[in-house]
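Novice: Sequence and computational prediction follow.
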Amino acid sequence: MSTGVTITPAWPSAHARTAQKGKRLIMVAIDKGGVGKSFFCLRLIEWLEQRKIPFRAFDPDFSNSTLTRFYPEAQFLDIRHSENLDGIMFSFEHNDLVLVDGVGAQQKIFLDWLADTDLLHAQEPLGLAITLALIIEEDKDTVFQAGEAVRRVGDRVDWLVVKNQKLSARNLIYEKSDARQELLRCGAHEITMPKLTDPLSLSLQLKSLTITEAMTRNSFPLLDRQRLLNYSRQLWRQLDAIQDILIP
């Protein structure tokens, strides 16, 4: 990783770029805390693993590293020094798909990095596609942040809107917003992330287990394992339908 101030994009070598076809970067681009960023990333990781799609995951949350707690293979990424984000690009020398979780109050760092490195314009020569994922809850903050992101980036990336139903089965604030209209104009895909019941969510947290792991544990009652299986199938069907913006 770069340790100094980055003045020009520190891309991989020319040889690496020649071989770098069919790459995809997925970044969570919303920064309100507690809206389900890591929860969604873990579900996406489970979906990728079930389909045997290789990937590399980064956890930029230096305060609450939820992703690495549930998925230890994730690499910590200290974005308090934004030039460390260059390490994402170097990881493409050995990976076709890279997933970067979000972190509270750091959306601007991700978006500034995309602008400072001119990565949005460099995608084609790098053989790279970018997906920005927005986790939306029934509150104005996430909708406002989604609007800010799409205004900065426009249609130069693939957009994924994840409507988290943890607080409400409807996302009326988002559905009536100008942000949604702009996202749809930019070709955004929308999915819903159903609410996981509180007892199941608590059990997973206490035991630091992913849903996939819990489904194989006899310590979970059979009916709860069935509930987890049904929950996963609901989300995975939606991810299957939009796999063109999720895999290289």
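Specialist: Everything's here; your move.

Novice: Which per-residue confidence value corresponds to the residue nearest in space to the middle of the chain?
Specialist: For the chain, the residue nearest the mean C-alpha position is Val28 (3.9 Å; C-alpha atoms, centre = their mean). pLDDT, Val28: 91.

Novice: Distance check, it against Pro199.
Specialist: 27 Å (C-beta to C-beta, to the nearest Å). From N, CA and C alone the C-beta is placed, and that goes for glycine too.

Novice: Please apply the same query to Glu182.
Specialist: Distance, Glu182 to Pro199, by C-beta to C-beta: 38 Å.

Novice: again with Asn164
Specialist: In terms of C-beta to C-beta, Asn164 sits 19 Å off from Pro199.

Novice: Tell me which of the two has more neighbours.
Specialist: Using other C-beta atoms under 10 Å as the criterion, Asn164 and Pro199 rank with Asn164 on top: 21 against 10.

Novice: The longest strand along the chain pairs with which strands, and in what direction?
Specialist: Using DSSP state E, we find that the single longest strand of the chain is strand 128-136. Take DSSP bridges as the rule and strand 128-136 pairs in its sheet with strand 23-28 (parallel), strand 158-164 (parallel).

Novice: Just the CA atoms of that strand, as PDB, please.
Specialist: In PDB, the C-alpha atoms belonging to strand 128-136 read as follows (Å, rounded to 0.1, in the frame of the first residue of the first chain):
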ATOM      1  CA  LEU A 128     -13.000  -2.300 -14.600                       C
ATOM      2  CA  ALA A 129     -16.700  -1.900 -13.700                       C
ATOM      3  CA  ILE A 130     -17.800  -0.200 -10.500                       C
ATOM      4  CA  THR A 131     -20.900  -0.800  -8.500                       C
ATOM      5  CA  LEU A 132     -21.900   1.600  -5.700                       C
ATOM      6  CA  ALA A 133     -24.300   0.100  -3.100                       C
ATOM      7  CA  LEU A 134     -26.600   2.400  -1.100                       C
ATOM      8  CA  ILE A 135     -28.300   1.000   2.000                       C
ATOM      9  CA  ILE A 136     -31.600   2.900   2.500                       C
END
